[in-house]
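Colleague: Any chance you can model this:
(2 chains)
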Amino acid sequence: MKTLHLPFDGGLAARSQMAEFCTGAERLTGQAFQGDYLRLHRWACEDIQTFWKFFLEWTGVPFSGSSLPVFEGQGIEDGRFFPNLRLNYAECLLRPLPDVADELPAVVYRSERGEREPMDRATLRQRVLAIAASLRKYGVAAGDRVVAFARNTPETIQACLASAALGATWSSVGLDLAPAGVLSRFQQLEPVVLFAHTELPNHGVCRPVNEQLREIVAGLPSLRLLVLLGGPEVGDVGRDIEVVRLESLLSTEPLSFDELERFPFDHPLFVLFSSGTTGPPKCIVHGAGGTLLEHLKEHRLHSDLRPGERLYFHTSCGWMMWNWQLTALASGVSILLYDGSVSYPDATALLKILNQERVNVFGTSPAYIQLLRESGIEPRSLGAFFDLRAIQSTGSILYEKQFDWIRDFFKAVPVHSISGGSDIIGCFVLGNPLLPVYRGDSQSVSLGLDVRVLTDTGVERTGTGELLCAKPFPSRPVFIWGDPNRTRFHDSYFAENPGFWTHGDLVELAELGSARVLGRSDGTMKIHGVRIGPAEIYVVVLGIPGIREAMAVEQEDQREPGGRRIVLLLVLAAGKVLDREFTLRIKREISKKASSVHVPSVIVAVSELPQTHNGKYSERAAKDVVNGKKPKNLLALRNPSCLEEIARLVPPTG
Amino acid sequence: MDEQTVKRVVTEWLDDNYHFGDAATLIGGDEDKSFLQSGILDSLGFVKLILHIEQTFSVEIDRKNIVPANFDSLQRIAAYVCSLPGARLSP
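Modeller: Here you go, the predicted structure:
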């Protein structure tokens, strides 16, 4: 039985941009949606051509060429949206907007060191276009890859938008990722420019990252230019490349929008990464048009963000929510950036800033909510949060009791539990002003995304099972880097259920229209909101003498922030013992070569790992038993009896 | 309950969860060293450590008492836990 998080606010629904869009769609189609989201959604999925064209026009984004045809091609796997349309992502974000004063902050930077630096839209535009002019002089051109090892600061945003203005493809990671992890991603892209910070302030300690930066530069032979975004000089990078500071790129006469080229709708804009159970991280390439349209839809319709409102989403540059919050500039929204630890000098630090900056929509994670709750902090006692009107959460499951805590101890506002991922650079399930919030649920599936569920009886509109998408959508990746035959692209998303996008999430779709993501259906893990591919752990531990085989799986544990932890199962060489010293060495190696989030909470030695008859390891079977579930399809396993040992050594928590 | 036992449990926990064998080196013999200021532990880490202490010593810690004065060094944690009535190593 579902229960409401808050009484439904019909007035808010009627005044929302979703309601306005719904009325427009009624006029266009002659249909009577009458503010019923489920009807609107059904229409958008059944007539994707009319829906996406109408939405494009409704947003008012500048483009050249024609919006016809809306879609061409065979279907969800190979079709293309808007093949005759051209746009420039940076122009769409930075252009003067009729409802937004140019003096309004585009970005407000706050740091744990107490700094506050607002930057208005005009200044941001001018700086981006000056940096773009400089990069052009350095020979950066459309199609080049530009990467960043960076913190979430205004400088990183400027670097990204300047690159996008020229049609370069941007990819960024945070400073917490170890050089081996950075190189396993960036080496595939053969970038020409690297933007980087040289120090990481975190929790009162400012740690230089020069050593890591030099290792990264040494591993990227394609680099021609290193641009320092902030921090002390890097010193000798050991390579004959030019090293400049971002400020030096600002002295060039800014380009004008007229001097910027507009690129095809599918032009590669961002590369995001996803690591699976085998091989190097997958480089997911997202097109400019698909990213822009999906984000505009999520910001304006689902989040009801309006010009002049203030958005804060807690993210690093290595997570897709960084790209997501960036696009909010296209809606005239002001983005708050926070650089540092959310709990420095104490656990209330970020909350005080949210209150001071009058944030309207606050994006966070269940891990942060749990941190506050476990610390005994009541945000409502710190300030009124007058302007806060929605809290968004993603990264892992937000449980019902966490909805209650937000309402009772933070503020009684709608909670949007949103979920999607790097693969679609957006959300499948999220908030919705036309619908009530049920505790523990996402309010709806995203407009125009034909989300279905693969249940025991087949592909359904409601029920529990694998999350599928049945119709083409613009934010589908345009390709996977280094996959010329589209084999990896096909295998990643379409091989399992031909004709459908298979996302890799388990979901429950309710009759009421709400949804609940239940976790991953494949081997990838989400720990503290960070998506981790077991392969990233295997590459480290299989290099340690004495370890023959390894398997990492996620185990639910309500005591952990984020509700999950990593269990590492090892088969050791004959005579090797997993004592305390060896366990600590394994953890240390993983922390050093991957990241601290990759470090397992539990490491056990087992005699065998579950394998299929053709020798493939089955993370899914091991994950089922450590979570107290009956493994599916035991007949597919060569050695099902090994699961008994795993269940005995790693019983379910709680 | 003696302070040495608490210190051993906390150091082992720091090793298992954050510093992987380097906790004693980081503390460097200075048992009054601030965990927060020296980067030995952040606030999220404190939450996890407190849950571990509650389980290990069979105590319930009032959230109002989770303040640096009680938890921001090895010595402070040991003294605070030993002051709790009924603190004992869980079987």
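Colleague: Please name the nearest non-neighbouring residue to the one residue in the stretch 351-500 of chain A that gets nearest to chain B.
Modeller: Taking C-beta to the nearest C-beta, chain B has its nearest neighbour within the stretch 351-500 of chain A at residue A:376, 2.7 Å off. Bear in mind the C-beta positions are built from the backbone N, C-alpha and C, glycine included. Excluding its sequence neighbours, the residue lying closest to residue A:376 (C-beta to C-beta, 6 or more residues apart in numbering or on different chains) is residue B:63, at 2.7 Å.
Colleague: can I assume that neighbour is in contact with residue A:372?
Modeller: No: judged on C-beta atoms under 8 Å, residue B:63 makes no contact with residue A:372 at a distance of 10.9 Å.
Colleague: Those two: who's more crowded?
Modeller: Using other C-beta atoms under 10 Å in any protein chain shown as the criterion, residue B:63 and residue A:372 rank with residue A:372 on top: 25 against 14.
Colleague: Other residues contacting the host helix or strand of residue A:526?
Modeller: Element membership of residue A:526, judged by DSSP states H and E, is strand A:525-527. Strand A:525-527 has contacts (C-beta atoms under 8 Å, 6 or more residues apart in numbering or on different chains) with A:395-396, A:519-520, A:531-534, A:552-554, A:562, A:564-566, A:597-598.
Colleague: Ramachandran angles for the residue of the stretch 351-500 of chain A closest to chain B?
Modeller: phi 70, psi 20 (degrees, to the nearest 10).
Colleague: count of neighbours near it?
Modeller: Residue A:376 is flanked by 17 other residues according to other C-beta under 10 Å.
Colleague: check contacts around it.
Modeller: With C-beta under 8 Å, 6+ apart, residue A:376 has these contacts: B:63-64, B:66.
Colleague: what element comes up after the longest helix along chain B heading to the C-terminus?
Modeller: Counting by DSSP state H, the longest helix found in chain B is helix B:43-56. Scanning forward in sequence from helix B:43-56 by DSSP H and E, the next helix or strand is helix B:68-71.
Colleague: Would you pull up how far that following helix lies from the middle of the chain?
Modeller: How far helix B:68-71 lies from its chain's middle: 10 Å, per C-alpha atoms, centre = their mean, to the nearest Å.
Colleague: Residues in contact with that helix: which ones?
Modeller: B:34-36, B:46, B:49-50, B:76-77, B:80.
Colleague: May I see the buried residues of it?
Modeller: For helix B:68-71, the neighbour count (16 or more other C-beta atoms under 10 Å in any protein chain shown) marks B:70-71 as buried.
Colleague: Give the rounded mean pLDDT of it.
Modeller: Summarised as a single mean, pLDDT over helix B:68-71 is 88.
Colleague: Look up which helix or strand residue A:548 falls in, please.
Modeller: According to DSSP H and E, residue A:548 maps onto strand A:547-556.
Colleague: Would you mark the buried spots in that strand?
Modeller: Across strand A:547-556, burial judged by 16+ other C-beta under 10 Å covers A:547, A:549-556.
Colleague: List the residues that contact residue A:311.
Modeller: Residues in contact with residue A:311 (C-beta under 8 Å, 6+ apart) are A:299, A:303, A:305, A:325, A:328, A:333-336, A:359-361, A:363.
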